[in-house]
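Undergrad: show me how the following folds:
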Amino acid sequence: MPPKPSISEDTWTPRTRRRESPRTLLRHGAGFVAFSTLAGVMLAGMALPVAGALGLSAKNGAESFEEVPDDFKTPPLPQASNIYDAAGGLIATVYERNRRVLTAEEMGTTVRQAQVDIEDARFYEHGAVDLKGVLRAISKNAESGAAVQGASTLTQQYVKNVHVEQAGDDTAAVLEAQRKTLGRKIQELKYAIKLEEELTKGQILTNYLNITYYGNQAYGIETAAQRYFSTSAKDLTVPQAATLAGLVQNPTKYDPKAHPQAAQKRRDVVIDKMVERKHLTPAQAAEAKAAPLGLKYQAPRNGCITAQAGMGFFCDYVRQVIKQDPVFGKSAADRKRLWDLGGLNIHTTLDPVKQAATQNAVSRKVKVTDPVSAAATMMEPGSGKILAMAQTRPYGIDKSKNETVVNLNVDAAMGGGSGFQPGSTFKPIVAAAALEAGLPATQSYPAPNRIDWPTMRTCDGTWKNTAKGTKEGSVPNESPDEVGPYELKEAMARSVNTYFVQMEQEIGLCAVKQMAAKLGITTKASGVPLAELPAMGLGTQEMSPLTMANVYATFAARGTYCAPRAINRITTVDGKEVPVPPAQCSRAMSESSADILNTVLLGVTEKGGTGGKLGLDDGRQIAGKTGTTDEKKSAWFSGYTANLATSVWLGGPAGGVPMRDITIGGTYFDEVFGASGPGPIWQLAMNDAVRGMPEEEFETVHIPNPAPKSSASPSGSPSGSPSQGGGSPGPSAGPSAGSSGRPHPGPGSSRTPRSSGSPTER
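TA: Here you go, the predicted structure:
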């Protein structure tokens, strides 16, 4: 490999010269402007007689010069941002402009010498305009009769690049910034003079090398060095530096990947220029020219689509947070500007071990080609931290590969879909509201096998059933043997529909809605507000796995709700801290209510509960709830230990796939329930995730078992009033709310009764 030149950049000491203001320069005479604007005219390809151009430029150029506003600003340059997991591993690099801004020292000497030698050899000797260069261009162009040689200085080129950068992705604005007109040249000249007054030559060169486009989505010298040679700017060899310096004139024509011969020829021209300026000896130049291009090309990798396996959806969620949270800017435009400007190191909450465990579970249990998909979110109780976010369908836009950019784990506003009915996993929210309302842990209801939807209080009035006595106006239990009375613990373990409907009747729908809000649920996943309907308590309104995971994380945290958090810390490339959303925690329910609820949900995963087969390998305590919706179109298991909560959903990505007589992940199911479909996914993910975590236990309470039933109530018994197990009587009559429409039947209304006497899986 040819050695780097030993000549230091310090040999480029500019000779002493007087800096002059624009107005002082103008007083030197119209001839100065004439020469500079004539060069602009010729560069624009305008064929004007030399004498005529001199006269026109002297008069019109001076006037135009004074009219140019003196407001040139050196802009902050968009850079790439890096998104990291909680352990410091890179998830993805995202950018509007793939660039990393360097200091002069970080660039090194070689590439700075090469760029000046080929673009503006007298850069350190002239001011904003190179009068010798103008005269030379006039002579050359006059000889040829065309504009074959330019006279723009490196400072003027930098000004043009700034205007192109400010145009962004607006094609019309970019073309306007590149137009070679007399007015544009005059503007660039005035701004160049201003820059030469305010910045040193070294600063201008550094800015130029950071802003310049090198082709193949590489902006700035550092990204170009990485793109073409997989190295840093300061480590570029002479042949490499010369290749990149030569590329600037025409990134397409001299693209070393697409046109290696043209690139090498251009590289050698740069090397010859470096010899002329005594930055290389002839021997060093000969060795550099003998070297091959030696590309080590790294293709552009931008955005969440390039994220590490399975992390694309979480990456996109982080993007949504930055673009939507007011912490990152008062307006949407401010937040977009922050994201587009980039240059951020975004350290997230994602735990790589738990992410791998969750992704492995959804991928092993459900195939990408299956008609259904799975999604799972894992959270840390008491902090709101999202530790894992995985789904079966990969992140991408190729539908032939079953890819999608819809994040099935989150609400529509955050890049997700319209969500999925959570079924019976919503019942603990009803129980939480009841406990907070003062009902005891031993609350009992008749809970017959089927009841008409009863009249219920709402926040604004009363809901009434206008279809009593019909199938649509009633709600059944899952199997014919589910006949009350039941108390809370057994009703939750067996997931008895009519029990929770009667509980809703006693406390009112408003209490359920208010508890849901305390747990972070104010709308459906689609963004539509929750409707106060009796079927709400049975999980008929669509939710996302993230929402449900956080509900159960709140239970695990003994009633402390914390809003979901995806970002731990953000710094800029120069180490400055960027404010991030703080932890936002509040009390959703008392610790005593949470302890009762956790004790009740432990029963779901014990023998006799619907999740009784989902225990973890190390035997630690788990609590949770199964859920299955009408026609088996969605199945859930939301479960947790005292220090980790996970919610798993299984179903058709767009809904509408009844999971009966179906093969999922190579396993045949006659019908899918919460315990048989998503339950094993949860179990597999949690077994790997809790490994090495401290084994914590819940604060439980003693809940006495009910006395043995003397006789079973008939399956068709009327709903009746709540039993004397505690609480207030049923709702009083009042103004009708929502009584004009047909009531939404609860989950289970169209289920086939099961004959087994064991708890059903829901």
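Undergrad: residues contacting residue 202?
TA: residue 104 (C-beta atoms under 8 Å, 6 or more residues apart in numbering). Using the backbone N, CA and C atoms, a C-beta is placed for each residue, glycine as well.
Undergrad: what about it, helix or strand, and which?
TA: helix 201-211 (DSSP states H and E).
Undergrad: swap in residue 389?
TA: strand 386-391.
Undergrad: for that strand, packing partners?
TA: helix 312-324, helix 352-365, strand 373-379, helix 678-689 (3 or more C-beta pairs under 8 Å, 6 or more residues apart in numbering; DSSP states H and E).
Undergrad: against residue 663, how distant is the residue minimising distance to the centre of the chain?
TA: The centroid of the chain falls nearest to residue 316 when counting by C-alpha atoms, centre = their mean (2.4 Å). Distance, residue 316 to residue 663, by C-beta to C-beta, to the nearest Å: 30 Å.
Undergrad: can you confirm residue 554 is in a strand?
TA: No. Under DSSP: H, G, I helix; E, B strand; the rest coil, residue 554 falls outside any strand and is assigned helix.
Undergrad: and the closest residue to it other than its chain neighbours, its phi and psi?
TA: Once flanking residues are discounted, residue 554 sits nearest to residue 561: 4.5 Å by C-beta to C-beta, 6 or more residues apart in numbering. For residue 561, the backbone dihedrals (degrees, to the nearest 10) come out as phi -90, psi 130.
Undergrad: list the contacts for residue 561?
TA: 518-520, 550, 554, 585-588.
Undergrad: from those residues, list just the buried residues.
TA: With burial judged by 16 or more other C-beta atoms under 10 Å, the buried subset of the contacts of residue 561 is 518-520, 550, 554, 588.
Undergrad: would you turn these into TSV with distance to residue 599?
TA: Shown next, in TSV, are those (distance: C-beta to C-beta, whole Å):
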residue	distance to residue 599
518	20
519	18
520	23
550	21
554	16
588	17
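Undergrad: let's see which of these end up in helices.
TA: Among these, the ones falling in helices (DSSP state H) are 518, 550, 554.
Undergrad: which one among the residues you listed gets closest to residue 339?
TA: Nearest to residue 339 among these, counting by C-beta to C-beta, is residue 550 at 24.9 Å.
Undergrad: now do the helices in the stretch 151-300 of the chain.
TA: Per DSSP state H, counting those that start in this stretch, the stretch 151-300 of the chain carries helices over the ranges 154-167, 171-178, 182-198, 201-211, 221-229, 238-247, 260-276, 282-290.
Undergrad: which parts of the third one are buried?
TA: Spelled out, it's helix 182-198. 182, 184-196.
Undergrad: please identify which pair of the buried ones among the contacts of residue 561 lies farthest apart.
TA: Longest span within the buried ones among the contacts of residue 561, C-beta to C-beta: 518 and 550, 11.6 Å.
Undergrad: quick one, helices of the stretch 551-700 of the chain?
TA: With helices called from DSSP H, counting those that start in this stretch, the stretch 551-700 of the chain shows them at 591-604, 678-689.
Undergrad: poorly predicted segments of this structure, please.
TA: Per-residue confidence for the chain (pLDDT under 70) gives these ranges: 1-71, 133-151, 168-170, 173-174, 176-182, 710-762.
Undergrad: for residue 610, phi and psi?
TA: In terms of degrees, to the nearest 10, the main-chain angles of residue 610 are phi -70, psi -20.
Undergrad: now do the same contact list for the nearest residue to it once chain neighbours are set aside.
TA: Nearest in space to residue 610, with sequence neighbours left out and distances taken as C-beta to C-beta, 6+ apart, is residue 626 at 4.4 Å. With contact taken as C-beta under 8 Å, 6+ apart, residue 626 is in contact with 424-425, 495, 604, 610-611, 635-637, 673-675, 679, 761-762.
Undergrad: repeat that for residue 319.
TA: Counting by C-beta under 8 Å, 6+ apart, residue 319 touches 94, 304, 339.
Undergrad: if you set the cut-off to 7 Å instead, what comes out?
TA: 304, 339 (C-beta atoms under 7 Å, 6 or more residues apart in numbering).
Undergrad: against residue 334, how distant is it?
TA: Counting by C-beta to C-beta, the gap from residue 319 to residue 334 is 15 Å.
Undergrad: can you put the helices of the stretch 151-300 of the chain in TSV and add distance to residue 456?
TA: As requested, the helices of the stretch 151-300 of the chain are exported to TSV (distance: least, C-beta to C-beta, whole Å):
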stretch	distance to residue 456
helix 154-167	60
helix 171-178	59
helix 182-198	71
helix 201-211	65
helix 221-229	62
helix 238-247	72
helix 260-276	76
helix 282-290	84
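Undergrad: so of the ones you listed, which one's packed in deepest?
TA: A comparison of these by mean neighbour count, using mean count of other C-beta atoms under 10 Å, puts helix 238-247 on top with a mean of 29.
Undergrad: that helix - contacts with which helices or strands?
TA: helix 110-119, helix 221-229, helix 260-276, helix 282-290 (3 or more C-beta pairs under 7 Å, 6 or more residues apart in numbering; DSSP states H and E).
Undergrad: so which of those helices is nearest residue 620?
TA: For the helices and strands packed on helix 238-247, the distance to residue 620 is smallest for helix 221-229, at 46.4 Å, taking C-beta to C-beta.
Undergrad: and the angle from that closest one to helix 260-276?
TA: 130 degrees (axes from the mean of the first three to the mean of the last three C-alpha atoms, to 10 degrees).
Undergrad: related to what we said a few turns ago, now intersect the contacts of residue 626 with the strands, please.
TA: In this view, these that belong to strands under DSSP state E are 635-637.
Undergrad: let me have those residues in TSV, adding distance to residue 206 and neighbour count as columns.
TA: Converted to TSV, the ones in strands among the contacts of residue 626 look like this (distance: C-beta to C-beta, whole Å; neighbours: other C-beta atoms under 10 Å):
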residue	distance to residue 206	neighbour count
635	59	31
636	56	34
637	57	34
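Undergrad: need the contact list for the residue lying closest to residue 634 once chain neighbours are set aside.
TA: In space, and not counting its chain neighbours, residue 634 is closest to residue 651: 4.0 Å by C-beta to C-beta, 6+ apart. Going by C-beta under 7 Å, 6+ apart, residue 651 touches 372, 420, 633-635, 657, 659.
Undergrad: which one of those is nearest residue 513?
TA: residue 420 (19.7 Å).
Undergrad: so what's that closest one bridging to?
TA: residue 543 (DSSP bridges).
Undergrad: that one is in contact with residue 540, isn't it?
TA: No. Counting by C-beta atoms under 7 Å, residue 420 sits too far from residue 540 to count as a contact (10.9 Å).
Undergrad: more neighbours: which of these two?
TA: Neighbours were counted for residue 420 and for residue 540 using other C-beta atoms under 10 Å; residue 420 has more, 27 against 20.
Undergrad: any idea how far residue 447 is from that one?
TA: In this view, residue 420 and residue 447 are 27 Å apart by C-beta to C-beta.
Undergrad: do the same with residue 372
TA: Residue 372 is 32 Å from residue 447, by C-beta to C-beta.
Undergrad: next one: the residue found closest to residue 318 once you drop the neighbours it is linked to in the chain relative to residue 348, how far apart?
TA: Once flanking residues are discounted, residue 318 sits nearest to residue 566: 5.3 Å by C-beta to C-beta, 6+ apart. According to C-beta to C-beta, residue 566 stands 6 Å off from residue 348.
Undergrad: who touches both of the two?
TA: residue 318.
Undergrad: residue 420: what's it in contact with?
TA: By C-beta under 7 Å, 6+ apart, the contact set of residue 420 is 542-543, 634, 649, 651, 655.
Undergrad: now with 6 Å, please.
TA: With contact taken as C-beta atoms under 6 Å, 6 or more residues apart in numbering, residue 420 is in contact with 542, 634, 649, 651.
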